[in-house]
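Asks: Quick one, fold the following:
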Amino acid sequence: MNINKVNEIKEYLIKNNCGLIAVTKTHPTETLQEAYNTGLRTFGENMAQEMAKKFLMLPKDINWHMIGHLQSNKVKYIAPFVSLIHSVDSFSLLLEINKQAAKHNRVIDCLLQIHIAEEETKFGMDITEAKELLSTASEKLDNVKICGLMGMASNTKDRGQIRNEFKGLKIIFDEFKTEYDNFKILSMGMSSDYEIAVEEGSTLVRIGSALFGERP
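Replies: Numbering: from 1, shown residues only. Predicted coordinates:
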C-alpha cells in the first residue's frame, strides 16, 4: 500500500468535496487494517459473505459499502451492519433489503444503479425503470432510503466517452434530485477514471487498485 498515493488521493478528493470508498474486495484483512490505520474508514466490497466475515474481524467504526451486484438471497448477510448499498437494480432486490432491514430495526441507505456503459454485461436500470421504482418505493418501503445513484462507465481508453457517460448520469441525478429530497449521493468513478468523475460532479468515488495495487 502506497501511503503517499493514499494521501495524494485523499487530499485531491477533500479539495473537491468528494468522498472516498477504499475498494477492498479480495484483499486480506491485514491490508484492510493497514488502510484503517492510515485513517480510511469507508470500505467497499462486492461479495456479501466476504464483507460479513471482514466485518467480524475489523474495527466496528468502519462504514461498509456494498458496491457489487447483490443477489437477493445474500442480503441477509449484510443487513445488520451495511452502511450503503450502491447496486440496487430491481424492485425485487429493494423489497428484500427492506425486509431484512426491518428484521434488524434498521433503515438501510441505497443507491439505484443506472446503466450508462456500452457493455451489456454491466448491471443497472435505465431511467424509465428507475422512475418507476422510485414512484413505487416511496409509498411502500419504510426500511430503505434511496439516497442517490451509482453508475459505471465503459471500460474504454476513450476519455471523451467516459466523460459523456458521467455527464449523462449527472443530468439524471439532478433531475431526480429536484423531486426527491433524499437524493444526496452520486457514486461514479473508479481508479482509472475518478478524476473525470469528480470533474463531472461525483460525490463518492470507488478506488481500489490506485490505493492497494492490483488485486491478488
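
Asks: distance between the helix or strand of the chain with the lowest mean pLDDT and the chain's centre?
Replies: In the chain, no helix or strand scores lower on mean pLDDT, DSSP states H and E than helix 127-140, which sits at a mean of 86. The chain centroid and the centroid of helix 127-140 are separated by 19 Å, computed with CA atoms, centre = their mean, to the nearest Å.

Asks: after that helix comes which helix or strand?
Replies: Next helix or strand after helix 127-140 toward the C-terminus (DSSP states H and E): strand 144-151.

Asks: other SSEs contacting that next one?
Replies: strand 84-88, helix 91-103, strand 108-114, helix 127-140, helix 159-177, strand 185-188 (3 or more CB pairs under 8 Å, 6 or more residues apart in numbering; DSSP states H and E). The way it works is simple: take the backbone N, C-alpha and C, and place the C-beta from them, glycine included.

Asks: Once you drop chain neighbours, what's closest to the residue nearest the centre of the chain?
Replies: Nearest to the mean C-alpha position of the chain, by CA atoms, centre = their mean, lies residue 86 at 3.7 Å. Counting by CB to CB, 6 or more residues apart in numbering, residue 86 lies nearest to residue 150, which is 4.3 Å off, once chain neighbours are set aside.

Asks: do you know how far residue 208 is from residue 98?
Replies: Here the criterion is CB to CB, to the nearest Å. By it, residue 208 lies 29 Å from residue 98.

Asks: for residue 125, same thing?
Replies: To residue 98, residue 125 is 17 Å away according to CB to CB.

Asks: Kindly report the same for residue 114.
Replies: On the measure of CB to CB, residue 114 and residue 98 end up 20 Å apart.

Asks: quick one, which of the two is more surrounded?
Replies: Counting neighbours by other CB atoms under 10 Å for residue 114 and for residue 98 shows that residue 114 has the greater number, 25 against 20.

Asks: picking that back up, pipe the helices and strands packed on strand 144-151 into JSON lines and attach distance to residue 10 per row.
Replies: Putting these into JSON lines (distance: least, CB to CB, whole Å) gives the following:
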{"stretch": "strand 84-88", "distance to residue 10": "19"}
{"stretch": "helix 91-103", "distance to residue 10": "30"}
{"stretch": "strand 108-114", "distance to residue 10": "22"}
{"stretch": "helix 127-140", "distance to residue 10": "31"}
{"stretch": "helix 159-177", "distance to residue 10": "21"}
{"stretch": "strand 185-188", "distance to residue 10": "17"}
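
Asks: looking at the ones you listed, which has the lowest confidence?
Replies: Among those, helix 127-140 carries the lowest mean pLDDT, at a mean of 86.

Asks: Export that one to CSV, keeping only CA atoms.
Replies: Output of helix 127-140 as CSV, limited to C-alpha atoms (Å, rounded to 0.1, in the frame of the first residue of the first chain):
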residue,chain,number,x,y,z
ILE,A,127,-34.1,6.0,-16.5
THR,A,128,-37.6,4.8,-17.1
GLU,A,129,-37.1,1.8,-14.8
ALA,A,130,-35.6,4.0,-12.1
LYS,A,131,-38.5,6.4,-12.2
GLU,A,132,-41.0,3.5,-11.9
LEU,A,133,-39.1,2.1,-8.9
LEU,A,134,-38.9,5.4,-7.2
SER,A,135,-42.6,6.1,-7.5
THR,A,136,-43.4,2.7,-6.1
ALA,A,137,-40.7,2.5,-3.3
SER,A,138,-41.5,5.9,-1.9
GLU,A,139,-45.0,4.7,-1.0
LYS,A,140,-44.4,1.2,0.3
